[in-house]
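Visitor: need a structure here:
(one chain, ligands or ions: 2)
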Amino acid sequence: MSVAVIGSGAFGTALAVSLAAKGPVTLWGRETGWAAAGENPRLPGVPLPASLIVTKELKDITAPTVLLALPAQSLGGFLTDHGARLDRRNLVSCAKGIDLTTLTGPSALIASACPHATVAVLTGPSFAADIARGLPTALTLACADAAAAEILQRQLSTASLRLYRTTDVTGAELGGALKNVIAIAAGAAIGAGYGDSARASIVTRGFAEMTRLAVTLGARPETLGGLSGLGDLVLTCTSEQSRNFRYGLALGAGSEFAPGTTVEGAATARAVSRLAEGLGIEMPISNLVAGLAQGSIVMEHALDFLLKRPLKEE
Ligand SMILES: NC(=O)C1=CN([C@@H]2O[C@H](COP(=O)(O)OP(=O)(O)OC[C@H]3O[C@@H](n4cnc5c(N)ncnc54)[C@H](OP(=O)(O)O)[C@@H]3O)[C@@H](O)[C@H]2O)C=CC1
Ligand SMILES: O=C(CO)COP(=O)(O)O
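Guide: Ligands and ions are numbered 1, 2, ... in the order given. The predicted model follows:
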């Protein structure tokens, strides 16, 4: 069964390169001029294998299984325009965010645009460059249909990419989205010079926040403790390979950050704040990140924002 990938950014290209070791893969991007050079500038140093076909024609995407690797805030618009073409297939979301317009995750956007599709989520601790280089990586494949989850798990695992499966789509998807918000806060703490102890408290209290919201929205707590939650939280809060962490570093240090870089946690923090307010859930770290990203809170007030809250039980 062949596979296609929509979105030729770093992650879509890395997944396509990795899966192309098992068979033919088609990779769609809206701009594909780079393919003639044999590598994607978003994923430098990774040669494109012969079994990978790069196209900008959506009519070439005929595979029964399609991975959607667009940024979360772009996915809704893409599906509005092209969802009908993708219906009745296995559609695997690879985006880690919450849509600001609908306050839903990518799987709900896909299900709404493609009502007859089997919707799955691929998430977990994995940098595109690591996957593309064939470094060992473990991910979570979530699909509410347990039989489909097993088929997709087998189809998308490779010699270096080990997929675990779950039927908890909500938990897996929210783990990946919410960790990006906490990674910005961790980066800001390090950038501001608050030290590793402060980072550890943000990771831990951030994990409590992530779990609180996800469980309220129907996730299983153990999913948050797995690869897609805790695993990815640890990776993203500790590595400068992470764009969310680097964005936080820049916020904390008051330095410039490359415009146009995909930083899912910034918009997702705003979505989380709105969701949490509506549900009456306390999410202080996410609210702080939303404020910093929008400029309504300045870094000088960040500590007060967290530390002057009333003391409470852990
Ligand atoms: N990079 C990583 O290590 C990982 C990323 N992810 C997730 O994958 C998702 C994508 O990230 P990533 O690949 O890194 O991002 P990149 O910034 O590398 O690339 C984004 C890609 O999306 C394309 N794009 C954006 N908007 C649209 C649109 N409306 N229609 C068509 N294409 C569009 C861009 O096209 P163009 O080039 O034309 O601008 C670009 O190719 C994110 O949700 C991220 O969290 C998950 C795990 C790891
Ligand atoms: O999701 C990722 C690692 O699992 C990639 O993180 P960034 O988007 O912060 O680079």
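Visitor: all helices of the stretch 1-150 of the chain, in order?
Guide: All helices of the stretch 1-150 of the chain, identified by DSSP state H, counting those that start in this stretch, fall at 10-19, 72-86, 106-113, 128-132, 146-156.
Visitor: and those helices as JSON lines, adding distance to Gly195?
Guide: Using the backbone N, CA and C atoms, a C-beta is placed for each residue, glycine as well. Converted to JSON lines, those look like this (distance: least, C-beta to C-beta, whole Å):
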{"stretch": "helix 10-19", "distance to Gly195": "30"}
{"stretch": "helix 72-86", "distance to Gly195": "31"}
{"stretch": "helix 106-113", "distance to Gly195": "35"}
{"stretch": "helix 128-132", "distance to Gly195": "27"}
{"stretch": "helix 146-156", "distance to Gly195": "39"}
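Visitor: Deepest-packed of the ones you listed, please.
Guide: helix 10-19 (a mean of 26; mean count of other C-beta atoms under 10 Å).
Visitor: Specify the stretch among the helices of the stretch 1-150 of the chain that is closest to Gly193.
Guide: Closest to Gly193 of the helices of the stretch 1-150 of the chain is helix 128-132 (C-beta to C-beta; 28.1 Å).
Visitor: now the closest one: mean pLDDT?
Guide: Mean pLDDT, helix 128-132: 98.
Visitor: Which secondary structure elements does that helix sit against?
Guide: Applying 3 or more C-beta pairs under 8 Å, 6 or more residues apart in numbering; DSSP states H and E, we find helix 128-132 packed against helix 10-19.
Visitor: ok, residues contacting the helix it packs on?
Guide: By C-beta atoms under 8 Å, 6 or more residues apart in numbering, the surrounding residues in contact with helix 10-19 are 3, 5-6, 8, 25, 27, 29, 40, 42-43, 46, 48-49, 52, 67, 69-70, 94, 122, 128-129, 131-132, 134, 156, 158, 160-161.
Visitor: got a pLDDT number for Thr13?
Guide: For Thr13, the model assigns a pLDDT of 98.
Visitor: Let me fix that, I meant to ask about Ser2.
Guide: At Ser2, the model reports a pLDDT of 86.
Visitor: Let me see the contact set for the spatially closest residue to it that is not a sequence neighbour.
Guide: Distance criterion C-beta to C-beta, 6 or more residues apart in numbering; nearest residue to Ser2, sequence neighbours excluded, is Ala63 at 4.5 Å. Counting by C-beta under 8 Å, 6+ apart, Ala63 makes contact with Met1, Ser2, Val3, Ala4, Thr26, Arg89.
Visitor: Got a quick PyMOL command for the buried subset of those residues?
Guide: Listed next is the PyMOL selection for buried residues among the contacts of Ala63, using 16 or more other C-beta atoms under 10 Å:
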select buried, resi 3+4+26+89
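Visitor: can you redo the contacts of Ala63 as TSV with distance to Ala250?
Guide: Listed next are those as TSV, based on distance: C-beta to C-beta, whole Å:
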residue	distance to Ala250
Met1	43
Ser2	41
Val3	36
Ala4	35
Thr26	36
Arg89	39
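Visitor: Nearest to ligand 1 among the contacts of Ala63?
Guide: Lowest distance from ligand 1 to the contacts of Ala63 (C-beta to the nearest ligand atom) belongs to Ala4, with 14.0 Å.
Visitor: Can you tell me how far the closest one is from Ala267?
Guide: 26 Å (C-beta to C-beta, to the nearest Å).
Visitor: and if you look at Gly176?
Guide: Going from Gly176 to Ala267 by C-beta to C-beta gives 14 Å.
Visitor: Which of the contacts of helix 10-19 are buried? Put it as a PyMOL command.
Guide: Remark: buried members of the contacts of helix 10-19, expressed as a PyMOL selection using 16+ other C-beta under 10 Å:
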select buried, resi 3+5+6+8+25+27+29+40+42+43+46+48+52+67+69+70+94+122+128+129+131+132+156+158+161
